[in-house]
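In: I'd like to go over a predicted model; first the sequence, then the structure.
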Amino acid sequence: MRRIRLLIIFIATFITTTSFLSVDVDLSGKVYSDNPKINSELLGIELFAKYADKVVSKTIIDKSGHYQITINVGLSNGLNNTYDFYITGLGIDTSFIKAFRQFQGEEMTWDIKLPSTLKKKAGRTVCPKCELTDKVYPIIYGNKQIEEQKIEHGDTTYTNIVGKKYYAGTCVYSLLSPHWYCDRDKIKF
């Protein structure tokens, strides 16, 4: 009986102490562009971070392009968790910026240049998240929604990818709107 009580106390202590094993990582920097028209559109743009498909932190970019965002990183899984960063705003579709797989400490400076410089491989655009090219398609903006019906294993699905192009289904477009879509990661960049 005494061993069972000790085991229960040990488990309770372990659970309560490991839930507090986390650290705040403060990222700050400037969002900028070589294009003055893009710089004028940065005010009010939201920068946010996702972990396991959940928004964990967000901030608004100020009029001079500066931002500061705090991410609470759980230490029980190590600092090697992947955090995805996106921007969005009024008239701007959510656009993937970068995935951090490891932070360089509790305080970090990260300047974000828009539009991002994209890698190319064999003439194709490389997805910045999965680093592959086979499911990356250019985004087409326009009034008409184009989609294709697919039937696989008896299930009917619809896709915006037609003829190796991703049709956004909207004509709302700005200089900060994403130009590419990765069907593997389901992100626009």
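Out: Done, it's in. Numbering: from 1, shown residues only.

In: quick one: the helices in the protein?
Out: 2-18, 36-40 (DSSP state H).

In: which one of those helices has the lowest average pLDDT?
Out: Mean pLDDT per stretch puts helix 2-18 lowest among the helices of the chain, at a mean of 60.

In: Check this protein for its longest strand and report it.
Out: strand 22-32 (DSSP state E).

In: Show me what it is packed up against.
Out: strand 66-74, strand 107-109, strand 112-113 (3 or more Cβ pairs under 8 Å, 6 or more residues apart in numbering; DSSP states H and E). C-betas here are computed from N, CA, C, even on glycine.

In: Adjacent strands (with direction) for the last one?
Out: Sheet pairing of strand 112-113 (DSSP bridges) gives strand 22-32 (parallel).

In: I92 and I38: what is the separation?
Out: 11 Å (Cβ to Cβ, to the nearest Å).

In: Between these two, which contacts overlap?
Out: The contact sets of I92 and I38 overlap at L176 (Cβ atoms under 8 Å, 6 or more residues apart in numbering).

In: List the buried residues in stretch 109-120.
Out: Going by neighbour count (16 or more other Cβ atoms under 10 Å), the buried part of stretch 109-120 is 110, 112, 114-115.

In: Which residue ranges make up the domains of the protein?
Out: Per automatic domain parsing, the domain ranges recorded for the chain read 21-117, 118-189.

In: As JSON lines, the ones you listed with distance to R2 would be great.
Out: Shown next, in JSON lines, are these (distance: least, Cβ to Cβ, whole Å):
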{"stretch": "domain 21-117", "distance to R2": "29"}
{"stretch": "domain 118-189", "distance to R2": "53"}
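
In: who's in contact with stretch 114-130?
Out: In contact with stretch 114-130 (Cβ under 8 Å, 6+ apart) are residues 31-33, 38, 42, 84, 87, 96-99, 131-133, 135-136, 138, 176, 179-180, 182, 184-185, 187, 189.

In: Which of those residues fall in strands?
Out: Among the contacts of stretch 114-130, the ones falling in strands (DSSP E) are 31-32, 84, 87, 96-99, 136, 138, 180, 182, 187.

In: could the residues you listed go into CSV alongside distance to T59 and pLDDT?
Out: Listed next are the ones in strands among the contacts of stretch 114-130 as CSV, based on distance: Cβ to Cβ, whole Å; pLDDT from 0 to 100:
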residue, distance to T59, pLDDT
V31, 11, 95
Y32, 16, 94
D84, 15, 96
I87, 11, 96
F96, 17, 97
I97, 13, 95
K98, 15, 93
A99, 18, 91
V136, 28, 97
P138, 30, 97
W180, 25, 97
C182, 25, 97
I187, 20, 96
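
In: Emit the PyMOL select command for whichever of these are buried.
Out: The following PyMOL line selects those of these that are buried, judged by 16+ other Cβ under 10 Å:
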select buried, resi 31+32+84+87+96+97+99+136+180+182+187
